[in-house]
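Student: Need the 3D shape of this:
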Amino acid sequence: RIEVGDNPHLAAVVNSSLASLLETARADVYYSTSPGGLATNGYNGHAFWDVETWMWPTYLALYPDIARAMLKYRADRLPEAKANALLNNFSGAMFPWESAF
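Tutor: Below is the predicted model of the structure:
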């Protein structure tokens, strides 16, 4: 539980957001989540880079085991991302904007 000074309303908002993050990922499952988590079907269950940009830092700071599992999702797709970069005349890795399992 996170407390925010003398502001119980803000603490409730923060804790609600944290609960939303925790219901969408697990340390023992090597998949990412969609930016909307379980709250919306708007992303069709696809993983976007938004997850690593906006959600992952919180997992890393508070739940590194979950962050590791989410990062493994990308790492497991690295060979395909490298092949994709070569196909498009780039060096390195070229991940798609979105992906799904």
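
Student: For Arg77, give its distance to Glu3.
Tutor: 38 Å (CB to CB, to the nearest Å). Just so you know, the C-beta spots here come from the backbone N, C-alpha and C atoms, and that holds for glycine as well.

Student: Look at those two and report which has more neighbours.
Tutor: Arg77 (18 against 11; other CB atoms under 10 Å).

Student: My read is that that one contacts Ser99, right?
Tutor: Yes. Between Arg77 and Ser99 there is a contact under CB atoms under 8 Å: 6.8 Å.

Student: So for this structure, the centremost residue is which one?
Tutor: Val51 (3.4 Å; CA atoms, centre = their mean).

Student: Now do that residue against Ala67, distance only.
Tutor: Going from Val51 to Ala67 by CB to CB gives 11 Å.

Student: The lengthiest helix in the chain: how far from the chain's middle?
Tutor: If you go by DSSP state H, the chain has its longest helix at helix 8-22. How far helix 8-22 lies from its chain's middle: 17 Å, per CA atoms, centre = their mean, to the nearest Å.
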